[in-house]
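# Fold the following.
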Amino acid sequence: MKAATKTAKTSKAKIPTKEMKAWLKGRKSWNHGDWLALLENLRKQGYSALTDTQEGRESIGYFLESNRSK
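This next block holds a predicted model:
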């Protein structure tokens, strides 16, 4: 039962769009080190529900790919 509750909470976690857009500003690409630093920064800001789960990291990655400068 607890696992289902945790999954439900994770799927409801919202992407911090303001922070993500600020991070993306001027970036066309990033490397693995940049990705890890972003995840750590978001974790420190209280977004561990996103950074500490596969589903959350995929959501962050999708947002970045969808909103980056082309």
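# gap between residue 44 and residue 37?
The gap separating residue 44 from residue 37 is 11 Å, by Cβ to Cβ, to the nearest Å. C-beta coordinates here come from the backbone N, C-alpha and C atoms, glycine included.
# Between those two, which has more neighbouring residues?
residue 37 (13 against 10; other Cβ atoms under 10 Å).
# Might you list the low-confidence residue ranges for the protein?
For the chain, the stretches flagged by pLDDT under 70 are 1-12, 70.
# And the strands in it, which stretches?
With strands called from DSSP state E, the chain shows none.
# Centroid-nearest residue for it?
residue 60 (3.1 Å; Cα atoms, centre = their mean).
# My guess is it contacts residue 17. True?
No - with contact defined as Cβ atoms under 8 Å, residue 60 does not reach residue 17; the gap is 10.9 Å.
# rewinding a little: show me the contacts for the residue nearest to the centre of the chain.
15, 20, 38-39, 42, 50-51 (Cβ atoms under 8 Å, 6 or more residues apart in numbering).
# repeat for residue 27
When contacts are counted by Cβ under 8 Å, 6+ apart, residue 27 touches 68-69.
# can you pull the contacts of the closest residue to residue 28 other than its chain neighbours?
Among residues not flanking residue 28 along the chain, residue 69 sits closest, at 5.1 Å (Cβ to Cβ, 6 or more residues apart in numbering). The contact partners of residue 69, taken as Cβ under 8 Å, 6+ apart, are 24, 26-28.
# Any figure for the gap between residue 69 and residue 16?
19 Å.
# I misspoke; the intended subject was residue 47.
Distance from residue 47 to residue 16, by Cβ to Cβ: 6 Å.
# which of these two has more neighbours?
residue 47 (20 against 17).
# What is the burial count for the residue lying closest to residue 38 once chain neighbours are set aside?
Spatially, and ignoring its direct neighbours in sequence, residue 38 is nearest to residue 23 (5.9 Å; Cβ to Cβ, 6+ apart). If you count neighbours by other Cβ under 10 Å, residue 23 ends up with 19.
# Residue 37 is in contact with residue 23, correct?
No - shown here, residue 23 and residue 37 do not form a contact pair, counting by Cβ under 8 Å, at 9.6 Å.
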